[in-house]
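Chemist: sequence first, then the predicted structure, then my questions.
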Amino acid sequence: MPFARLTLSLDLSPDEGRRLCNELTDLIADELGKRQELTSVLIDVPGGHHWTIGGSGQRTAAHLEVCVTAGTNSEEEKGAFMASAMSLLRRTLPDLDLATYIVVNENPATDWGYDGRTQADRARCKA
């Protein structure tokens with residue numbers, strides 16, 4: 001049940017945004033083994049902020065954060081996901097700055113969930 005937030009320094013067309021959301025959803029399902037139907041992706045685009053890298057304004061910059069339940073992915077899975085995600089971002093945003101960060105945030109199962117239940121509670125009920 002991951003949540004992904006991609007923050008961009010430039011806007012996308014509605015079609016580009018939908019395509020990127022779908023491709024990120026597929027990537028999270030394929031590389032991190034998450035349920036596609038429970039994967040939520042949000043793309044934040046400009047709206048009153050300034051983005052700099054090394055103190056200089058950037059036309060094409062991105063930051064991707066994906067939240068997953070702690071302990072559900074190996075180091076290798078997270079590394080493969082990061083490489084694939086960067087490849088996807090570079091295909092979509094060819095002028096993307098080198099200082100583009102991808103973060104996999106691991107949250108304890110007791111600290112997050114969906115539909116009003118924690119992941120820990122869901123795991124207990126499955127057992």
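Modeler: Cool, the structure landed. Residues are numbered from 1 along each chain as shown.
Chemist: what segments of this protein are helices?
Modeler: Per DSSP state H, the chain carries helices over the ranges 14-32, 75-92, 119-126.
Chemist: what mean pLDDT does the longest one get?
Modeler: pLDDT averaged over helix 14-32 equals 94, rounded to a whole number.
Chemist: ok, and what's touching it?
Modeler: Helix 14-32 is contacted from outside by 2, 4, 6, 12, 34-36, 39, 41, 43, 45, 64, 66, 68, 72-73, 77-78, 80-81, 84-85, 88, 92, 104, using C-beta atoms under 8 Å, 6 or more residues apart in numbering. C-beta coordinates here come from the backbone N, C-alpha and C atoms, glycine included.
Chemist: check the shortest one too.
Modeler: The list of residues contacting helix 119-126 from outside it, by C-beta under 8 Å, 6+ apart, reads 1, 69, 108-110, 112-113.
Chemist: any of the contacts of helix 14-32 buried? List them.
Modeler: Neighbour counting by 16 or more other C-beta atoms under 10 Å classes 2, 4, 6, 12, 34, 39, 41, 43, 64, 66, 68, 73, 78, 80-81, 84-85, 88, 92, 104 among those as buried.
Chemist: thinking again about what came up before, who wins for neighbours among the contacts of helix 119-126?
Modeler: Greatest neighbour count in the contacts of helix 119-126, by other C-beta atoms under 10 Å, goes to residue 69: 22 neighbours.
Chemist: isn't it right next to residue 112, touching?
Modeler: Yes - contact criterion C-beta atoms under 8 Å: residue 69 and residue 112 qualify, at 7.5 Å.
Chemist: where in the protein is pLDDT low?
Modeler: 48-53, 58, 127 (pLDDT under 70).
Chemist: 90 instead, please
Modeler: The model of the chain has pLDDT under 90 over residues 1, 9-14, 44-61, 95, 97-99, 123, 126-127.
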